[in-house]
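Enquirer: Provided below are the primary sequence and the corresponding predicted coordinates.
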Amino acid sequence: MDQQGQEMFLNFILERVQEGKEGEAKEILTENFKKLTEGTFSQEDIQVFLPKMISLLKPDKLEEVAGVVKQFSGEFGIK
């Protein structure tokens, strides 16, 4: 995913997190984008990332975000 794709994904997620949780979500996403860019993003990172992000999202946005994340992870061969 290029820089523009990361920015679009970041904005998509930030629009769907709970009020006041945007900073925490941005920090988590930025850290994981860095790992993706470096090629060090792992299955373990996903297992830590997902519960954190789910806890920050608005409950009514979970299904929408899950679909996009699944598509996003498929681009990297992450299952």
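Expert: Here it is on my side, so go on.

Enquirer: where does this protein dip in pLDDT?
Expert: Per-residue confidence for the chain (pLDDT under 70) gives these ranges: 1, 72-79.

Enquirer: which stretches of it form strands?
Expert: For the chain, no strands are identified by DSSP state E.

Enquirer: pick out the residue closest to the middle of it.
Expert: Geometric centre of the chain, nearest residue: L29, 5.2 Å, by CA atoms, centre = their mean.

Enquirer: my read: that residue touches F12, true?
Expert: No. Judged on CB atoms under 8 Å, L29 makes no contact with F12 at a distance of 10.1 Å. Every residue, glycine included, has its C-beta placed from N, CA and C.

Enquirer: name the nearest residue to the residue nearest to the centre of the chain, ignoring sequence neighbours.
Expert: The shortest distance from L29 to any non-neighbouring residue, by CB to CB, 6 or more residues apart in numbering, is to L10 (5.3 Å).

Enquirer: any idea how many residues pack against the one you found?
Expert: Other residues within reach of L10, judged by other CB atoms under 10 Å, total 15.

Enquirer: who's in contact with it?
Expert: Residues in contact with L10 (CB atoms under 8 Å, 6 or more residues apart in numbering) are 26, 29-30, 33.

Enquirer: buried residues in the longest helix along the chain?
Expert: Longest helix of the chain, by residue count under DSSP state H: helix 22-38. With burial defined by 16 or more other CB atoms under 10 Å, the residues of helix 22-38 counted as buried are 25, 28-29, 32-33, 36.
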